[in-house]
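In: Take a look and give me a structure for this.
(one chain, ligands or ions: 1)
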Amino acid sequence: MMIVFLFCLCFFLFSTYFYWNVNFKNFHYTRVPILGYHNISNLFNISATRVKVEAFRGHLKYLSDEGYHCLSLAEALPYLGKCSDPPQKSFVVIFDDGFQDLLVDAIPLLKSFRFTASIFLVTGYLGQESRWDVLLRTHRQHHLSSSEIRTLLGDGFTIGSHTVNHPDLTLLPDNLILKELIESKEFLEKTFNIPIHFLSYPFGRTEERVKSLVRQAGYRAALSQGQCQRQGSPDLMEICTLPINVFDGNFNLENKLTRNQFFWLEQIKIICLNQFSRGTPLIKPMKRV
Ligand SMILES: [Zn+2]
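Out: Below is the predicted model:
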């Protein structure tokens with residue numbers, strides 16, 4: 001029995017490694033790791049993107065203890081597209097969706113470690129429930145309001161666009177993609193009187209057609225997750241982030257930051273979890289607000 005089990009385990013590991021080697025080995029990752037979070041909360045939901053408060057505190061403590069230096073996305077930008085050397089042990093934190101519960105634990109914890117972050121906002125839902133999302137708990141999450149965002153900007157946090165309605169952009173025609181990109185950018189620039197340079201793709205999804213429209217809409221860089229550019233020089237319209245999820249302890253964080261010998265397992269995990277998020281636009285097609 002044990003021999004059969006070991007055989008199955010070896011077969012599973014070998015086939016997973018082979019699959020990784022063919023499909024994901026050549027992904028371009030930035031030299032400054034970008035850690036991608038969603039919400040930090042102890043409230044139960046069945047989403048893989050929720051990170052518990054203690055786990056998040058552990059990640060920040062690990063980064064601080066190991067001498068990592070937190071950069072804002074704007075500070076990291078010169079190192080994302082070029083080969084120039086970034087400061088040693090630097091990293092970036094981003095939050096997609098801009099949920100209000102960031103104010104409870106995530107932001108105070110980041111401040112206590114003197115770290116910063118960029119928050120990507122769904123502009124059609126500021127101050128409202130996340131009706132674009134599949135309901136995975138007893139109540140919907142709320143998005144940050146304009147006044148809460150103003151306070152965060154005053155505290156040195158930065159913001160970017162996560163579109164107006166959070167659609168999978170790869171499923172939309174060109175005119176609707178441009179509308180999502182331009183309306184969200186202009187809204188944030190007008191409301192907060194700051195330039196908006198960064199986009200984070202909803203569900204991490206993009207393709208060549210979408211990337212050229214992002215460029216046309218005037219963004220300087222756009223972030224993806226779960227799928228990354230495979231060849232050529234680094235493309236600022238497809239910056240590959242490292243999603244951090246419910247299963248990630250400090251060991252996993254270290255694998256992702258250092259891209260060590262276990263990184264391929266982390267990549268497989270990221271790609272598997274990203275497949276689940278692709279179900280959302282199918283279950284809940286985009287409704288414009
Ligand atoms: Zn999102």
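In: Tell me the predicted confidence for residue 87.
Out: We have a pLDDT of 87 for residue 87.
In: typed the wrong thing, it's residue 80
Out: 84.
In: That one and the ion, how far apart?
Out: With distances taken as C-beta to the ion, to the nearest Å, residue 80 is found 20 Å from the ion. Placement of C-beta: from N, CA and C, glycine included.
In: quick one, phi/psi of the closest residue to that residue other than its chain neighbours?
Out: Nearest non-adjacent residue to residue 80, counting by C-beta to C-beta, 6 or more residues apart in numbering: residue 30, 5.0 Å away. Taking degrees, to the nearest 10, you get phi -70, psi 160 for the backbone angles of residue 30.
In: all helices for the protein, in order.
Out: 2-23, 53-65, 73-80, 106-112, 146-154, 174-192, 208-216, 250-258, 263-277, 279-283 (DSSP state H).
In: Show residues contacting the fifth one.
Out: Translated: helix 146-154. Outside of helix 146-154, the residues within contact range by C-beta atoms under 8 Å, 6 or more residues apart in numbering are 98, 100, 103, 107, 119, 121, 126-127, 144, 159, 191-192, 194.
In: how about 7 Å then?
Out: Here helix 146-154 makes contact (C-beta atoms under 7 Å, 6 or more residues apart in numbering) with 100, 103, 107, 119, 121, 126-127, 159, 191-192.
In: now do the fourth one
Out: Contacts of helix 106-112 from elsewhere in the structure, counted by C-beta under 7 Å, 6+ apart, are 40, 56-57, 60, 116-117, 152.
In: quick revisit: in JSON lines: the helices of the chain, plus mean neighbour count.
Out: Supplementary listing: the helices of the chain in JSON lines, determined by neighbours: other C-beta atoms under 10 Å:
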{"stretch": "helix 2-23", "mean neighbour count": "10"}
{"stretch": "helix 53-65", "mean neighbour count": "17"}
{"stretch": "helix 73-80", "mean neighbour count": "19"}
{"stretch": "helix 106-112", "mean neighbour count": "17"}
{"stretch": "helix 146-154", "mean neighbour count": "14"}
{"stretch": "helix 174-192", "mean neighbour count": "17"}
{"stretch": "helix 208-216", "mean neighbour count": "17"}
{"stretch": "helix 250-258", "mean neighbour count": "18"}
{"stretch": "helix 263-277", "mean neighbour count": "17"}
{"stretch": "helix 279-283", "mean neighbour count": "14"}
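In: Of all the residues in the stretch 101-250 of the chain, which one is nearest the ion?
Out: The stretch 101-250 of the chain approaches the ion most closely through residue 202 (5.0 Å), counting by C-beta to the ion.
In: Tell me who's in contact with that residue.
Out: For residue 202, the set of contacting residues under the criterion of C-beta under 7 Å, 6+ apart consists of 162-163, 166-169.
In: Determine which two of those residues are furthest apart.
Out: 162 and 168 (12.4 Å; C-beta to C-beta).
In: between those two, which one's more packed in?
Out: The neighbour count for residue 162 versus residue 168, taken as other C-beta atoms under 10 Å, is higher for residue 162 (27 against 21).
In: Is it correct that the more buried one is in contact with residue 120?
Out: Yes - counting by C-beta atoms under 7 Å, residue 162 sits close enough to residue 120 to count as a contact (3.8 Å).
In: what touches both of these two?
Out: In the contact map built from C-beta under 7 Å, 6+ apart, the residues linked to both residue 162 and residue 120 are 96-97, 200.
In: looking at this structure, which helix or strand does the model trust least?
Out: None of the helices or strands of the chain scores lower by mean pLDDT, DSSP states H and E than helix 279-283, at a mean of 60.
In: quick one: low-confidence ranges for the stretch 101-250 of the chain?
Out: When the per-residue scores of the stretch 101-250 of the chain are filtered using pLDDT under 70, the ranges that remain are 134-139, 229-232.
In: Show me what from it comes close to the ion.
Out: Within reach of the ion by C-beta under 5 Å from the ion, the stretch 101-250 of the chain has these residues: residue 202.
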